[in-house]
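Asker: What would the 3D arrangement of this be:
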Amino acid sequence: MKTLNNTYIIKSLLLVLGLTLMFCAKPKDFSEQKDDFKLVYTEPAEKWTDALPIGNGSLGAMVFGGVAQEHIQFNEETLWRGQPHDYAHEGAGEYLAEIRQLLTEGKSREAHKLAQEEFMSEPLKQVHYQPFGDIYIDFKNHENYTNYKRELNLNDAISSVSYTVDDANYTREILSSFPDQIIAINLTVSKEKALNFDVWLDAIHDDKSVVTSNDSQTLVVKVKGGVLRGVSTLKIKTDGSVTSANGTLQITNASKATMFLSAATNYIDFSDVSGNPETIVPETLSKVENTNYKKIKLNHIQDYQALYNRFEISFGDNGKSNNPTNQRILDFSKTPDDPHLVALYVEYARYLTISSSRPGTKPATLQGIWNDKLTPPWFSSYTTNINLEMNYWPVEMYNLSECHEPLFDLIEDLSITGAKVAKEHYNADGWIVHHNIDIWRGAAPVNASHHGIWLGGAAWLSTHIWEHYLYTQDKAFLEKRYPLMRNAAVFYSQFLYEDPNTGYLISSPSNSPEIGGLVAGPTMDHQLIRALFRSTIEASKILGADQEFTSSLQPMISKIAPNKIGKHGQLQEWMEDKDDPENHHRHVSHLWAVHPGNEINYEDTPDLMKAAKQSLEYRGDNGTGWSLAWKINFWSRFKDGNHAYKLLHKLLSPAEKPDGKVGGGSYPNLFDAHPPFQIDGNFGGASGILEMILQSHLGKIELLPALPDALPRGYVSGIVARGGFELNFSWENSELKDVEILSKQGGKCTLSYRDKHIEFNTSKGKTYKFDGNLNSKP
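Answerer: Here you go, the predicted model:
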C-alpha cells in the first residue's frame, strides 16, 4: 500500500473548500428544501447486500448493524491474488496475419481456435480482488431491543445504529476517514457503565493469524495463490475495563468506547511488492493515539464535505424521504412517484465515488472497493468494455473531478504493460489494453478469444483524459497526460489495416463486446478510434505540439469503415448487415457514438441518430442493472426523458423478486444488481439522470434536454458542463426558472433551452445570471 501524502491531503482540502465557498448558492425558491440524504432501515442487515458501505478510497467496509452481534466486513484495495506478472504472450504477433486472413475468408471457427491457442494471455486468467477481514462485536444480553434504527447519512458519510435495551439507549457510529486513513467505530450508551461487549478480528482466508494484546488485536492474512499479505490492527479506547481472553478483547463497565482500525499490504505498485505493512499499520495508529473520536469525526466530515457539498440536486419531496429505503425501492417499483428517491440515487452515487476513488488510491473496480468473497464475480476486477468507464461517466458532471485521477494513474500503468502487449501481439508501437485488467495491470487478451480479443480499451480509456480536459480546461493536465492519448493513437495508426473486401481501414481481429464472437471490423471499435484520433488532433493543436504526427491521423479518419444503416433501419453492429432485431443482448456497443461518444447526434447525423434509436428499440427495455443504466443515458441523448424515466423505474426496483429470483435492479442498500452486485450501474444510472437535465457534448450547454414528466420541478447546484462552466438552475412546472453560470476559466459560452439560444464571452471567475427565457439578470 502506498501511504498518502499529508501535505497533498491538506492542500486538496483547502482548495476544494475554497471552491465550495466561492460558488455554493442555490436558487432561493428551493433553499428551504435542502435535502437530508440518508439511507434508513428499521432492522439489521441479514445479508451483504443489505449492509451499508463506508470507504475512504482505499479502506472500505460493510456495516451490518446487528444488535446482539455487530459484523463489519472490511477491505483494503491492494489485497489481491497473484504477483507481479507480464501477461503478454511472447510471439503471438506471428499469428496476427493468419487470424485476420481466416476472418476475411469467413472461417470464424478456425480463427477462434487459432487465436485461443496462440494469441491469448499467459496465463489465460487474471486474478481476484480479495476481502481482508471481519470485525465482530458481541453485546451481552441485547437479544431484546426496541427503537431500532440503522442509517447511512450521505451528508457526513457516517453509518450509525441506535436502539434501546431496557432503559438504556445505545448508539454506534462507523466511518472511514481519508485524512487519518482509519476506520473509526464509536460506541456510546445513555446509562453509565452499561456498555459491555467482546470484540475480535477474523478473516475467511485459510492463512491467517491473530495476536491479542492489552488494548488491541492484530490480524495478518496471506492470500492464496499470491505474494500479498495484509496486516490490520484494531485498537480500543474506553472509559471501561479492557481484558483479553479466548482470542477476544472484552470491554466491561464502559459508558463509551472507540475503536480504530488500520490495514495495509505489502503492495507498492504492479511491479513492486516490497512494502512493509507491519510498519505502516502501527505508524498510522500512532498518529491518532492521542486524538479523541470527536476530532477524528470532525476531520473526516470537513474532508468529506469539501467534496460532497459542492453539488446538490433536488426534485422535490412528496413525504416519502423518511421511509425505510428498502420500502421506498419496493414502493417505487409499483408507483414511481418518489422524486426524492431519484435525487437520493444521484447523491448516493456521488457518495460511492468519494468513498471508492480518491487521489492517490486505485480506481473503483466492478464492486468499488467492497467485496466479501475469495472468488468474487468476474474477479471484482476492471472490465474495460463498458464497466470501468461507466464508473467514471458522471464524475466530472457532478463536480468530483479529482476523483477521476485514479483512473488516469491506472492508464499510466497500462501504457507500460500495454506497450509490451502491443509489440508482442500486434507488432506495433504505442500501447493497447483488452477487456480485463487486474492489479498487476494485465493488458493482454484473457479468458477466451471470442470475447477477450477486443481492441477498444486503450481508445475508450483515453477519451476520459480528453473529457477531463473539456470539463476543466486544465491545460497543464492535458500536457501531462497527452502522451497517453498520443501513444494509444500511435498503436491504432499501426494496427488498422485495409480490408481487402471494402478498402476501408478496419479493426481486426476484435469483437463487439460479448456478442457475435471474433470478427473483422466491429462498429464500436471504429467509433472509438475515430474519437481518439479527433481528440488527439485537437489536443495537439491546443498544446501547439506534435502536429507532424497528428496530421497523419486526419486522412486516416475518413478511411476508417463508417457507421452504416442496415436493412432493418438499424445502425449496424458489424461491417456485415447481420443484426438480429430479436436479439435483446445486454451490450449495445455500437451505440457508443451516441453515448458516451458524440459522433452520432441529431444536429450532424440525424439519419444515423434515427438508426441508432431503432437499434435501441430492437434491443428492448430489459437488461442487467448496468445495461439499464446505459440505456437511460441513450434515451436521454435521444431527448426522450419519459422513456429514460421508464428505465429508471426498472433500475430503482427491487432486484430480489418475491419468487426468489434476482434480476437487474437495486438491492436493499441501493447497490446496483447485474445481478450480482456491480457498482457501475449506480454510476451509470446517476449519469443518465444528469443527462436528463443537462447536456454539453456538442459544444453548447443544453438545459432540461430530456426532462421527464415525472420530475416537473427541481433544482441543481454545482453541476459542471464542458468548457469549464459550473451551473445552478431551477425549474417549475417543467419550465426553466433561472440559471447561474460560473465561468471557471473564461471563454465563450453557448447556452440553449428549447428554441432559445444565446452565445456570450465570459471572464474567468465571473458568474452570469439568466431567467427562464435566457434573458440576462443583474
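Asker: C-alpha from now on. contacts and neighbour counts both.
Answerer: Will do.
Asker: OK, contacts around the residue positioned nearest the centre of the chain?
Answerer: The centre of the chain sits closest to Asn391, judged by CA atoms, centre = their mean, with a distance of 2.5 Å. Asn391 is in contact with Ala364, Ile679, Asp680, Gly681, Phe683, Gly684, counting by CA atoms under 8 Å, 6 or more residues apart in numbering.
Asker: domain assignment for the chain?
Answerer: With domains defined by automatic domain parsing, the chain comprises 35-80+131-309, 96-122+361-562, 714-777.
Asker: Include distance to Asn169 when you put the contacts of Asn391 into JSON lines, please.
Answerer: Formatted as JSON lines, the contacts of Asn391 follow (distance: CA to CA, whole Å):
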{"residue": "Ala364", "distance to Asn169": "37"}
{"residue": "Ile679", "distance to Asn169": "35"}
{"residue": "Asp680", "distance to Asn169": "38"}
{"residue": "Gly681", "distance to Asn169": "38"}
{"residue": "Phe683", "distance to Asn169": "37"}
{"residue": "Gly684", "distance to Asn169": "40"}
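Asker: Can you list which of those residues are found in strands?
Answerer: Judged by DSSP state E, strands contain none of the contacts of Asn391.
Asker: can I get these in CSV with pLDDT and neighbour count?
Answerer: Below are the contacts of Asn391 laid out as CSV (pLDDT from 0 to 100; neighbours: other CA atoms under 10 Å):
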residue, pLDDT, neighbour count
Ala364, 99, 31
Ile679, 99, 29
Asp680, 98, 32
Gly681, 98, 30
Phe683, 99, 28
Gly684, 99, 30
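Asker: Pick out whichever of the residues you listed sits closest to Leu774.
Answerer: Nearest to Leu774, judged by CA to CA, of these is Gly684 at 30.0 Å.
Asker: thought that closest one was touching Trp393?
Answerer: Yes: using CA atoms under 8 Å, Gly684 is in contact with Trp393, at 6.6 Å.
Asker: all helices for the stretch 201-350 of the chain, in order.
Answerer: For the stretch 201-350 of the chain, applying DSSP state H, counting those that start in this stretch gives helices covering 277-286, 293-308, 325-334, 339-356.
Asker: Pick the most buried one from the ones you listed.
Answerer: The highest average neighbour count among these, using mean count of other CA atoms under 10 Å, belongs to helix 339-356 at a mean of 24.
Asker: Touching it from outside, list them.
Answerer: Against helix 339-356 from outside (CA under 8 Å, 6+ apart): 37-38, 54-58, 60, 154, 157, 304, 307-308, 312-318, 320-321, 328, 363-364, 368-369, 395, 398, 400, 403, 670, 682-683, 685-686, 689, 710-711.
Asker: For the buried ones among those, write the corresponding PyMOL selection.
Answerer: Here is the PyMOL command that selects the buried residues among these (16 or more other CA atoms under 10 Å):
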select buried, resi 37+38+54+55+56+57+58+60+154+157+304+307+308+312+313+314+315+316+317+320+321+328+363+364+368+369+395+398+400+403+670+682+683+685+686+689+710+711
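Asker: which ones among the contacts of helix 339-356 are found in strands?
Answerer: Lys38, Ile54, Gly55, Gly60, Glu312, Ile313, Ser314.
Asker: Which single one of the residues you listed is nearest to Glu46?
Answerer: Nearest to Glu46 out of the ones in strands among the contacts of helix 339-356 is Ile54 (CA to CA; 17.5 Å).
Asker: Show me the beta-bridge partners of the closest one.
Answerer: Ala61 (DSSP bridges).
Asker: Also Tyr41?
Answerer: Arg150.
Asker: burial of it, as a residue count?
Answerer: Residues contacting Tyr41 under the criterion other CA atoms under 10 Å number 23.
Asker: The stretch 501-650 of the chain: helices as residue ranges?
Answerer: 523-543, 547-550, 554-559, 606-619, 625-637, 641-651.
Asker: need these in JSON lines with mean pLDDT, distance to Ile251 and mean neighbour count, can you?
Answerer: Shown next, in JSON lines, are these (pLDDT from 0 to 100; distance: least, CA to CA, whole Å; neighbours: other CA atoms under 10 Å):
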{"stretch": "helix 523-543", "mean pLDDT": "99", "distance to Ile251": "59", "mean neighbour count": "22"}
{"stretch": "helix 547-550", "mean pLDDT": "96", "distance to Ile251": "67", "mean neighbour count": "16"}
{"stretch": "helix 554-559", "mean pLDDT": "98", "distance to Ile251": "69", "mean neighbour count": "14"}
{"stretch": "helix 606-619", "mean pLDDT": "99", "distance to Ile251": "58", "mean neighbour count": "20"}
{"stretch": "helix 625-637", "mean pLDDT": "98", "distance to Ile251": "44", "mean neighbour count": "28"}
{"stretch": "helix 641-651", "mean pLDDT": "98", "distance to Ile251": "44", "mean neighbour count": "23"}
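Asker: among those, which is nearest Ala458?
Answerer: helix 523-543 (9.1 Å).
Asker: Which strands and helices lie in contact with the closest one?
Answerer: Applying 3 or more CA pairs under 8 Å, 6 or more residues apart in numbering; DSSP states H and E, one finds that helix 523-543 makes contact with helix 457-472, helix 475-495, strand 510-512, helix 547-550, helix 554-559.
Asker: buried sites along the longest one?
Answerer: Of the residues in helix 475-495, those buried by neighbour count under the rule 16+ other CA under 10 Å are 478, 481-493, 495.
Asker: Low-confidence bits of this structure, can you list those?
Answerer: For the chain, the stretches flagged by pLDDT under 70 are 1-35.
Asker: so His142 is in which element?
Answerer: Assigned by DSSP states H and E, His142 belongs to no helix or strand.
Asker: what about the residue lying closest to it once chain neighbours are set aside, how many residues close to it?
Answerer: Of all residues not flanking His142 in the chain, Ala68 sits nearest, at 4.9 Å (CA to CA, 6 or more residues apart in numbering). Residue crowding around Ala68 was assessed by other CA under 10 Å; the count is 15.
Asker: can you check the one 3 residues further on too?
Answerer: His71 sits with 20 neighbouring residues when counted by other CA under 10 Å.
Asker: Same question for Glu117.
Answerer: Neighbour number of Glu117 under other CA under 10 Å is 12.
Asker: Check the secondary structure at it for me.
Answerer: What DSSP: H, G, I helix; E, B strand; the rest coil gives for Glu117 is helix.
Asker: wait, what's in contact with Glu117?
Answerer: Per CA under 8 Å, 6+ apart, neighbours of Glu117: none.
Asker: rewinding a little: now render the helices of the stretch 201-350 of the chain as JSON lines, adding distance to Arg754.
Answerer: Below are those laid out as JSON lines (distance: least, CA to CA, whole Å):
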{"stretch": "helix 277-286", "distance to Arg754": "55"}
{"stretch": "helix 293-308", "distance to Arg754": "31"}
{"stretch": "helix 325-334", "distance to Arg754": "30"}
{"stretch": "helix 339-356", "distance to Arg754": "23"}
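Asker: for those helices, which one sits closest to Thr463?
Answerer: Comparing those by CA to CA, helix 339-356 comes nearest, at 19.2 Å.
Asker: Can you list the strands that the helix or strand that that closest one is followed by pairs with?
Answerer: Using DSSP H and E, the helix or strand that follows helix 339-356 in sequence is strand 382-383. Within its sheet, and counting by DSSP bridges, strand 382-383 is paired with strand 436-437 (antiparallel).
Asker: Which residues does the partner strand contact?
Answerer: Under the criterion CA under 8 Å, 6+ apart, residues Gln126, Ser381, Tyr382, Thr383, Thr384, Asn385, Gly442, Ala443, Pro445, Val446, Gly452 lie in contact with strand 436-437.
Asker: If anything else comes up later, I'll come back, but that's it for now.
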